[in-house]
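Student: return atomic coordinates for the entry below.
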Amino acid sequence: MREYQSPSAVIGPHEQGILASEPEQAAQEYRLQLSAIVESADDAIIGKTLDGVIVSWNRGAEKLYGYSAEEALGRSISILIPPNLPDEFPGILEKLRRGERVEHYETVRLTKDLRRIDVSLTVSPIRDPKGEVGGASTIARDITDRKRTEQSLRGEWFRIMADASPVMIWLSGPDARCILFNQSWMEFTGRTMEQEMGDGWSEGVHPEDLRRCLDIYLSAVEAREPFKMEYRLRRADGVYRWILDAGVPRTEANGSFAGYIGSCVDITERKQGEEHFRLVVESAPNAMVMVNHEGKIVLVNAQMKKAFGYSREELLGRSVEILVPESSRTRHPGLLAQFFSEPRARPMGAGRDLYGQRKDGRQFPVEIGLNPIQMEEGTWVLSSIVDITERKRVEMTLLQLNAELERRVAQRTEMAEQKAAALAASEKKIQRSLEEKEYLLGEIHHRVKNNLQIISSLLNLESGRTQDPAVRDVFAQCQSRIQSMALIHEQLYNSGDLAKIDFREYLKSLFREALRSSNQDPASVSVRVEADLVNLSLETAIPCGLILNELISNALKHAFPAGSGGEILIRFDARDDTFCLTVDDNGQPLPPNLMTREPSTMGLWLVKALTRQLDGELRAGAGAGAEPKFHLTFPREPQ
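Tutor: The predicted model follows:
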């Protein structure tokens, strides 16, 4: 109750006397209870001074007149009085000053938005502890609808209005017998007014619904209470349709009971939808339960018995807490209210373990999905309940297996780390051994190269001791071959890889050495090297280098006689599975049938022998722009 003064301002002298004789705490509780009653009342309750200033204003007043307490308090009561009733309030105040009570005074008042409403006022004087009238309390009830109903029921125009309504309307007397049906009812049933009057209307009710229908109606008439009921009514074509019938009591002007007025709407489609919904719920693979806003179970499917052990009859109408473990039942209503305050589809208890309780008291883990369903009565909740006992068992098994796996992994990891440490030590030892071997291998290549150089020098000395050109030529050829091998060992020694040799660089170095060892003017013969970047092993590089040395030496010696110049082409290609070595020049052509006849020189014999060693094929051509003079192919080394 929003007001300027304490609740005692609206307590009568009798009550104040009681309070004065009781302890202060009891008085305070009484005031609070009285204030709560006033505040929660549906009727508007207003407190005011004898000057008409508003000093208290409850929620019923806010609802009726539209003013909030803050807007009304401190203002004159005249804001509620129409301009055409200026003398009404002074007359009421005069009665109050005399201590008189004004009861059920029907008049008109203004709302905040200036609408005129019919109200029934009960105005009582408020006395102070001395018994003097110091203010007034007004209880106002909205009777606008009643006034309109009374006016509507007066005269023939009510029938006209009822006949114009698209819904079926009926009217009964105090004896519960019907006295009027509108045109919509007559068209629906296809019967006459005379046939429907009295209890005739019940002839169209489905026999299975008639007893229940009459019980609801007659019980409501006896209690003078509104009612709603659903039943099947036969339509003019003989088809039964579901009807929602709602009736309210009506009264005469003097307040006596006059009977009922009711309206009916065809809800067949809604009932069919509800039946479809029920069938869907019934056929769901999970347990399904629907709960109304009061927490009562209104629908369950067959799976509920399998999950919880209750029959359908045992659950319908019961509180949903019957399915909740006892330890959680006190908290569940609050959780349900929280859902209804913000209804939306969501899982229940996200992140928490939920349990249901069976009829035999056993608990089991569940997953629950909540879905709000809008019904005529308000929002209900449809819950899908899944028994996850088996899933939890599997999860526990998986957790145990995972723990065992982690234990084994840790054990294996420790063993692997120990093996890795041993392997690292072994690798370190092997690395040291490899480094030592590489050092020794480098020294071997260096010493082999040096020894080959010594051999070449000895051959050179021996060559100087003879004047025979043929012998000197043999010595020169041997030196050239030895130099080609020494060059390979030198490149291996100078490179970082003792197992492979950069053959493209070797080709260039070999040609320079061959040209230096020949009698050709270096300015008269040029070389064109076209080679892929290829690394060859020692086993392949030495025979390939010796073949190349013989072919280059042959070109320098025979292709450019008498000091004539020219160009030598050296091409080395790496293809999918073969290497291709081409040596060509633009000098004198080769003798015919060179490769088919028996070798006449040591050099040609050596080339053929080395070709066989490489498992290759050597072809000879005319050269000079046609087929190259020498074309060697041999298999690539495995990587």
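
Student: in the stretch 1-150 of the chain, where is pLDDT below threshold?
Tutor: Scanning the stretch 1-150 of the chain for pLDDT under 70 picks out the ranges 1-24, 26-27, 30-31, 148-150.

Student: cool, and the stretch 301-450 of the chain?
Tutor: For the stretch 301-450 of the chain, applying pLDDT under 70 flags the ranges 433-450.

Student: pairing partners for the residue most central in space within the chain in the sheet, please.
Tutor: Per Cα atoms, centre = their mean, the C-alpha nearest to the average position across the chain is that of residue 346, at 12.6 Å. Per DSSP bridges, the residues bridged to residue 346 are residue 370.

Student: what residues sit buried inside stretch 96-106?
Tutor: Of the residues in stretch 96-106, 96, 102 count as buried by neighbour count, 16 or more other Cβ atoms under 10 Å. Where C-beta positions appear, they are placed from N, C-alpha and C, glycine not excepted.

Student: that one: end-to-end distance?
Tutor: Using Cα to Cα, to the nearest Å, one end of stretch 96-106 lies 17 Å from the other.

Student: so the residue nearest to the centre of the chain makes contact with residue 381?
Tutor: No: counting by Cβ atoms under 8 Å, residue 346 sits too far from residue 381 to count as a contact (10.7 Å).

Student: next, show the common contact partners of the two.
Tutor: Contact with both residue 346 and residue 381 is made by residues residue 370, according to Cβ atoms under 8 Å, 6 or more residues apart in numbering.

Student: tell me how far stretch 416-434 is from the chain's mean position?
Tutor: From the chain centre to the centre of stretch 416-434 is a distance of 50 Å (Cα atoms, centre = their mean, to the nearest Å).

Student: and that stretch, which residues are buried?
Tutor: Residues of stretch 416-434 classed as buried by neighbour count (16+ other Cβ under 10 Å): none.

Student: check stretch 180-191 too.
Tutor: Buried residues in stretch 180-191, counted by 16+ other Cβ under 10 Å: 180-186, 188-189, 191.

Student: of the residues you listed, closest to residue 539?
Tutor: Nearest to residue 539 among the buried residues of stretch 180-191: residue 188, at 109.3 Å, using Cβ to Cβ.

Student: got the contact list for whichever helix or strand that closest one is part of?
Tutor: Following DSSP states H and E, one finds residue 188 within helix 183-189. Here helix 183-189 makes contact (Cβ under 8 Å, 6+ apart) with 162-170, 192-193, 196, 201, 204, 233-236, 264, 266.

Student: can you do 7 Å?
Tutor: Helix 183-189 has contacts (Cβ atoms under 7 Å, 6 or more residues apart in numbering) with 163, 165-170, 193, 196, 204, 234-236.

Student: for residue 382, see how far away the residue nearest to the centre of the chain is.
Tutor: Going from residue 346 to residue 382 by Cβ to Cβ, to the nearest Å gives 13 Å.

Student: what about residue 529, is that helix, strand or coil?
Tutor: strand (DSSP: H, G, I helix; E, B strand; the rest coil).

Student: so it touches residue 572, yeah?
Tutor: No: Residue 529 is beyond contact range of residue 572, at 8.1 Å (criterion: Cβ atoms under 7 Å).

Student: more crowded one of the two?
Tutor: The residue with more neighbours, out of residue 529 and residue 572, is residue 572; 23 against 15, by other Cβ atoms under 10 Å.

Student: how about the more buried one: what's its closest non-neighbour residue?
Tutor: Leaving aside its sequence neighbours, residue 572 sits nearest to residue 531 (Cβ to Cβ, 6 or more residues apart in numbering; 3.9 Å).

Student: counting neighbours, what do you get for the one you found?
Tutor: Using other Cβ under 10 Å: residue 531 sits among 18 other residues.

Student: can you check residue 506 too?
Tutor: Neighbour tally, residue 506, other Cβ under 10 Å: 24.

Student: now it: phi and psi?
Tutor: phi -60, psi -40 (degrees, to the nearest 10).

Student: Provide a list of residues in contact with the residue of the chain most remote from its centre.
Tutor: No residue in the chain sits farther from the centre than residue 467, which is 99.0 Å out by Cα atoms, centre = their mean. Residue 467 is in contact with no residue at all, counting by Cβ under 7 Å, 6+ apart.

Student: mind checking the SS state of it?
Tutor: Counting by three-state DSSP, the backbone at residue 467 sits in coil.

Student: circling back to that earlier point, after the helix holding residue 188 comes which helix or strand?
Tutor: Following helix 183-189 in sequence, per DSSP H and E, is helix 193-196.

Student: packing partners for that following helix?
Tutor: strand 178-181 (3 or more Cβ pairs under 7 Å, 6 or more residues apart in numbering; DSSP states H and E).

Student: mean confidence score for the strand it packs on?
Tutor: Averaging pLDDT along strand 178-181 yields 91.

Student: tell me what that strand is packed against?
Tutor: strand 168-172, helix 193-196.

Student: want to throw the ones you listed into a markdown table with mean pLDDT, distance to residue 40 and mean neighbour count?
Tutor: Shown next, in a markdown table, are these (pLDDT from 0 to 100; distance: least, Cβ to Cβ, whole Å; neighbours: other Cβ atoms under 10 Å):
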| stretch | mean pLDDT | distance to residue 40 | mean neighbour count |
| --- | --- | --- | --- |
| strand 168-172 | 94 | 34 | 21 |
| helix 193-196 | 90 | 44 | 14 |
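
Student: go through stretch 173-182 and flag the buried ones.
Tutor: Neighbour counts over stretch 173-182 (16+ other Cβ under 10 Å) mark 176, 178, 180-182 as buried.

Student: I misspoke; the intended subject was stretch 369-389.
Tutor: 370, 372, 380-388.

Student: what's next to it, contact-wise?
Tutor: Contacts for stretch 369-389 (Cβ under 7 Å, 6+ apart): 286-293, 298, 307, 339-340, 343-348, 356, 364-368.

Student: swap the cut-off to 8 Å and go again
Tutor: Counting by Cβ under 8 Å, 6+ apart, stretch 369-389 makes contact with 281, 284, 286-293, 298-299, 304, 307, 336, 339-340, 343-348, 356, 364-368, all of which sit outside it.

Student: all helices for the stretch 201-350 of the chain, in order.
Tutor: Listed in chain order, the helices of the stretch 201-350 of the chain (DSSP state H, counting those that start in this stretch) span 207-223, 268-282, 303-308, 312-315, 332-341.

Student: from those, which stretch is densest packed?
Tutor: Greatest average neighbour count among the helices of the stretch 201-350 of the chain goes to helix 303-308 (a mean of 19), per mean count of other Cβ atoms under 10 Å.

Student: for it, the distance to its chain's centre please.
Tutor: Put simply, helix 303-308 sits 31 Å off its chain's centre (Cα atoms, centre = their mean).

Student: and for stretch 551-563?
Tutor: Mean-position distance between stretch 551-563 and its chain equals 82 Å (Cα atoms, centre = their mean).

Student: right, and the pair among the buried residues of stretch 180-191 with maximum separation?
Tutor: With distances taken as Cβ to Cβ, the most widely separated pair in those is 180 and 188, at 15.1 Å.

Student: I figured residue 558 hits residue 589, correct?
Tutor: No: counting by Cβ under 8 Å, residue 558 does not reach residue 589; the two are 9.9 Å apart.

Student: what pLDDT is listed against residue 270?
Tutor: Per-residue confidence for residue 270 comes out at a pLDDT of 86.

Student: got a list of what it touches?
Tutor: The contact partners of residue 270, by Cβ under 8 Å, 6+ apart, come to residue 242.

Student: swap in the one 4 residues further on?
Tutor: Remark: with contacts taken as Cβ under 8 Å, 6+ apart, residue 274 is in contact with nothing.

Student: and it, how far from residue 58?
Tutor: Noted for residue 274: a distance of 40 Å to residue 58, by Cβ to Cβ.

Student: hmm, back to that, among the helices and strands packed on strand 178-181, which is nearest residue 110?
Tutor: strand 168-172 (32.2 Å).

Student: residues in contact with the residue nearest to residue 178 when sequence neighbours are not counted?
Tutor: Of all residues not flanking residue 178 in the chain, residue 172 sits nearest, at 4.9 Å (Cβ to Cβ, 6+ apart). Contacts for residue 172 were tallied using Cβ under 8 Å, 6+ apart; they are 178-179, 221, 247, 259-262.
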